[in-house]
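Trainee: Curious how this folds, go ahead:
(one chain, ligands or ions: 4)
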Amino acid sequence: MHVVMNKILFFLTTLWLSFWLPVFQFHHGVKGQSATAAQCNRSSPLTQNSLGQSPCDDAAALWGVCTGDATPWPPLPNGSQYSPPQPDLGEVNPCTCSSVVYVLASACGWCQNQNFTTWATWTTNCTTAQQTKGFPSLIPSGIAIPHWAYMDVSGFGGNFDPTIALQLGGTSDTASQTPINDVIRLRLS
Ligand SMILES: *[C@@H]1O[C@H](CO)[C@@H](O)[C@H](O)[C@H]1NC(C)=O
Ligand SMILES: *[C@@H]1O[C@H](CO)[C@@H](O)[C@H](O)[C@H]1NC(C)=O
Ligand SMILES: *[C@@H]1O[C@H](CO)[C@@H](O)[C@H](O)[C@H]1NC(C)=O
Ligand SMILES: *[C@@H]1O[C@H](CO)[C@@H](O)[C@H](O)[C@H]1NC(C)=O
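Mentor: Ligands and ions are numbered 1, 2, ... in the order given. Model (predicted):
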């Protein structure tokens, strides 16, 4: 009953907020949400890596490395997007402010047929030094990060771009256990 009430309250709050905010920033770390993990429902090679993991699985795993909270990300309510790292929650660091975490968080929203934020907004509360290219920490074992997650967001106009991600490769992985502090640059012909 308690859980059901929470769900109803959450739904009503979400509904209420969606009338007042043009974009509802949905925090992935919201406590007390259903244990259901976000799932991709688009038909695209970007929805699965070579291990069958989705960008949402990858985003949650890397977010766990960055913050210590590896809770699966809940599905996005309609009309919302995942919120950038929040200073009030101690989430801002070079790991959460990295291009790979931004790209995977964005791809997680996109693959649910929802929206994603710009790189500029994602890094609003990050210092310039904290805005890292690539991923500055170790990829956890058992997790494969697709090649396209290393796309150069600043070189490509500042945002995640599913079209460019597909050109970079939807299935090949950089299953690296060492930090990769760089991004790949696609030659657009
Ligand atoms: C995916 O789910 C969203 C939200 O429930 C829905 O709006 C969208 O139409 C779905 N897309 C597909 C391809 O099923
Ligand atoms: C999701 O939101 C969009 C735009 O606000 C709307 O057109 C669509 O009908 C909504 N879909 C669902 C499943 O509520
Ligand atoms: C998606 O987000 C981008 C950047 O925040 C915004 O410019 C765009 O209008 C949004 N699209 C929809 C359909 O809400
Ligand atoms: C930046 O941090 C402030 C203070 O916590 C917060 O109110 C604001 O929403 C954050 N901006 C973004 C884009 O997340």
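
Trainee: State the distance from the residue lying closest to residue 168 once chain neighbours are set aside to ligand 3.
Mentor: Leaving aside its chain neighbours, residue 168 sits nearest to residue 148 (4.1 Å; criterion: C-beta to C-beta, 6 or more residues apart in numbering). To be clear about C-beta, it is placed using only N, CA and C from the backbone, and glycine gets the same treatment. Plainly put, residue 148 is 19 Å away from ligand 3 if you go by C-beta to the nearest ligand atom, to the nearest Å.

Trainee: Now do the contacts for residue 148.
Mentor: Applying C-beta atoms under 8 Å, 6 or more residues apart in numbering to residue 148 gives the contacts 46, 103, 164-166, 168-170.

Trainee: Neighbour-wise, which one of those residues leads?
Mentor: The residue in those with the most neighbours, by other C-beta atoms under 10 Å, is residue 103 (30 neighbours).

Trainee: counting contacts, what elements does the helix or strand hosting that residue pack onto?
Mentor: Per DSSP states H and E: residue 103 is located in helix 99-111. Applying 3 or more C-beta pairs under 8 Å, 6 or more residues apart in numbering; DSSP states H and E, we find helix 99-111 packed against helix 55-67, strand 80-82, helix 119-122, helix 162-168.

Trainee: Quick one: name the residues of this protein near ligand 4.
Mentor: 83-84, 86-88, 121, 124-125 (C-beta under 6 Å from any ligand atom).

Trainee: Kindly indicate which of the contacts of residue 148 lies nearest residue 78.
Mentor: Proximity of the contacts of residue 148 to residue 78 (C-beta to C-beta) peaks at residue 46, which lies at 20.4 Å.

Trainee: So that closest one versus residue 85, what's the distance?
Mentor: Remark: distance between residue 46 and residue 85 (C-beta to C-beta, to the nearest Å) = 23 Å.

Trainee: about what we covered before: would you turn the helices and strands packed on helix 99-111 into CSV with mean pLDDT?
Mentor: Putting the helices and strands packed on helix 99-111 into CSV (pLDDT from 0 to 100) gives the following:
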stretch, mean pLDDT
helix 55-67, 96
strand 80-82, 94
helix 119-122, 95
helix 162-168, 90
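
Trainee: Out of the ones you listed, flag the one nearest residue 141.
Mentor: Checking the helices and strands packed on helix 99-111 against residue 141 by C-beta to C-beta gives helix 55-67 as the closest, at 10.3 Å.

Trainee: how about the closest one as CSV, C-alpha atoms only?
Mentor: Below are the C-alpha coordinates for helix 55-67, written out as CSV (Å, rounded to 0.1, in the frame of the first residue of the first chain):
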residue,chain,number,x,y,z
PRO,A,55,23.0,2.6,-22.8
CYS,A,56,20.9,2.8,-19.6
ASP,A,57,22.8,-0.2,-18.1
ASP,A,58,26.1,1.4,-19.1
ALA,A,59,25.1,4.9,-17.8
ALA,A,60,24.0,3.4,-14.4
ALA,A,61,27.2,1.4,-14.2
LEU,A,62,29.5,4.3,-14.9
TRP,A,63,27.4,6.6,-12.7
GLY,A,64,28.1,4.1,-10.0
VAL,A,65,31.8,4.4,-10.5
CYS,A,66,31.6,8.2,-10.4
THR,A,67,29.3,8.5,-7.3
